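1. Quick one: sequence plus predicted model below, questions after.
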Amino acid sequence: ETGVTQTPRHLVMGMTNKKSLKCEQHLGHNAMYWYKQSAKKPLELMFVYNFKEQTENNSVPSRFSPECPNSSHLFLHLHTLQPEDSALYLCASRPSYSPVAEAFFGQGTRLTVV
Amino acid sequence: GNSVTQMEGPVTLSEEAFLTINCTYTATGYPSLFWYVQYPGEGLQLLLKATKADDKGSNKGFEATYRKETTSFHLEKGSVQVSDSAVYFCALSGNSQAGTALIFGKGTTLSVSS
């Protein structure tokens, strides 16, 4: 248990579906991140939020839409995904005021697009 | 920009063998360095970290020393176990701006057989 909780753990969705991934942390961190981890590929940073504001979007397709309503919660809204979007989606958080601090990761959501 | 380079895997060892996974980095200033471990089906967990030159991080028999002169942070363990089979990631955090995401290497898969 790392203090970062992701739901659901597994998700199967069709290409025309709309679904959302949820991430929650009560560690008092103000920076939150979405990563994508595909088989045989490096970890890909998707989005960065600091104090609820998006500070980084690494050229992620618009079919992925993040939302950060407060510093404890982060969502990733999914719509009209492609099979190549199947991957493990990881959420992480860090204290914004401490550059030396580590990131804490959730256990991830295993997404399969059919 | 900042970057992390890890040795390519997979690394295959017998139980009780000595482990080294090489990691070198490129960074401006004085980054903090981390090793994360990812067991099958799970998120990343912090294994150890070092925040300044010559610091040694250690945990669960694993060690790594922050070597500024060689820009390296190699992971070592004297006697691996089957339960150490996992993917290991080296990462760095630049000290220039809090809240920015850690920069990860590509990961090294370790497989230990009995």
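-> Structure received.
2. Would you mind measuring from B:Gln45 to B:Gln38?
-> Distance of B:Gln45 to B:Gln38, computed by Cβ to Cβ, to the nearest Å: 7 Å. Bear in mind the C-beta positions are built from the backbone N, C-alpha and C, glycine included.
3. Same drill for those two, tell me which one is more crowded.
-> Set B:Gln45 next to B:Gln38 and count neighbours by other Cβ atoms under 10 Å in any protein chain shown: B:Gln38 wins out with 22 against 15.
4. quick one, phi psi at the more buried one?
-> phi -130, psi 110 (degrees, to the nearest 10).
5. so it makes contact with B:Gly107?
-> Yes. Taking contacts as Cβ atoms under 8 Å, B:Gln38 lies within contact range of B:Gly107: 7.5 Å.
6. which neighbours do the two share?
-> Listed contacts common to B:Gln38 and B:Gly107 are B:87-89; contacts here mean Cβ atoms under 8 Å, 6 or more residues apart in numbering or on different chains.
7. Return the member of these nearest to chain A.
-> Chain A has its nearest neighbour among the shared contacts of B:Gln38 and B:Gly107 in B:Phe89, at 7.1 Å by Cβ to the nearest Cβ.
8. Which helix or which strand is home to that closest one?
-> strand B:86-93 (DSSP states H and E).
9. With A:Gly28 as the reference, measure out to the residue most central in space within chain A.
-> Centroid-nearest residue in chain A, with Cα atoms, centre = their mean: A:Trp34, separated by 3.0 Å. Noted for A:Trp34: a distance of 20 Å to A:Gly28, by Cβ to Cβ.
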